[in-house]
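Q: need a 3D model of the sequence below.
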Amino acid sequence: MAAHIDGPLYYERMGRTGPVMAFVHPNPMDQSCWIFQMAHMSTWFRCISIDLPGYGRSPKAGAGLRMQDTAQACWEAIDEALPGEQAILVGCSVGSALVPHMYHLHPKRTKAMILSGTGYNPGKEFIPRRIKAYTERGIGYRWDYTFEDLSPAFRATPLAMFFADMFAERNDKADLETIIRQFEAYKVAEAEDHHSSIACPTIILTGSEDGTHPSSFALKARIPGCEMKILHGAGHACQIEQPWLFDRFMIKFLKKHRLFPSPG
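A: Numbering: from 1, shown residues only. The predicted structure is shown next:
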């Protein structure tokens, strides 16, 4: 079992046939942020969306937590549901930071990576700011933080309120200390070849209104053969704001690399 984590991670499944596709969520959300992709991609894939430690309905993590521990726990969730399978890994924000660690643990099992809400930011200046906000405002900060992951236009919609309320309604099961520990783990610098040694098909889907969008080009340049598509008008959680376009770009990418099971 993964070190420093108090038990197996919670996950949801959808789809009975096809290859495996695993989804890893951003802070401050949980696995439900993939609701549109789970419903759609399960037409062709066996989908699994995972709650990270301290979020949704997953257990706490203790001191000393590392990104590798959380990545291992995600593979353990996949193995509990779908033992020994290869998987297409899909992440957003901290999920996109975790997915390369999952790749390095099991490169032969990683068929492709689809990254969103991400870029290359070696200084990671945002982490102390997030830790400070959680420390001062408590677990309730998740509600406000959800809107920060969205574009200005989408923040004003009833659907944005629906998602923020849904995540916050699970705060009694979330754990503040674990969320802070996730940020502290994220702060640790990666190996020099962390991105350059990736050898599976990879694409970045980036919202033009996302604060990380400018740095996504630098990340693309660091991953060999990496592709990119821009979702104009979308924010950090672009899979929620423009699921029709997000999914279209995913499918086109997978078909290009012969990883899509449907003919045509």
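
Q: now the strands for the stretch 101-250 of the chain?
A: Using DSSP state E, counting those that start in this stretch, the strands of the stretch 101-250 of the chain run over residues 110-116, 202-207, 227-231.

Q: of those, which is nearest residue 217?
A: Among these, strand 227-231 comes nearest to residue 217, with 7.5 Å by CB to CB. To be clear about C-beta, it is placed using only N, CA and C from the backbone, and glycine gets the same treatment.

Q: name the helices or strands packed onto the closest one?
A: With contacts defined as 3 or more CB pairs under 8 Å, 6 or more residues apart in numbering; DSSP states H and E, the packing partners of strand 227-231 are strand 202-207, helix 213-222, helix 243-256.

Q: isn't residue 262 up against residue 44?
A: Yes. Counting by CB atoms under 8 Å, residue 262 touches residue 44, with 5.2 Å between them.

Q: just want to know which of those two has more residues nearby.
A: residue 44 (17 against 11; other CB atoms under 10 Å).

Q: where does that one land in three-state SS?
A: Using DSSP: H, G, I helix; E, B strand; the rest coil, the structure places residue 44 in coil.

Q: so what's residue 59 up against?
A: Residue 59 sits next to 5, 6, 7, 8, 9, 53 when contact means CB atoms under 8 Å, 6 or more residues apart in numbering.

Q: filter the residues you listed to the buried ones?
A: Using 16 or more other CB atoms under 10 Å as the burial test, the contacts of residue 59 include 5, 9, 53 as buried.

Q: how far away is the last one from residue 154?
A: Spelled out, it's residue 53. Per CB to CB, to the nearest Å, residue 53 is found 28 Å from residue 154.

Q: surely residue 93 meets residue 119?
A: No. Applying CB under 8 Å, one finds residue 93 not in contact with residue 119, separated by 10.1 Å.

Q: give the residues shared as contacts by those two.
A: Joint contacts of residue 93 and residue 119 (CB under 8 Å, 6+ apart) are residue 212.

Q: tally of neighbours for residue 170?
A: Residue 170, neighbours per other CB under 10 Å, totals 15.
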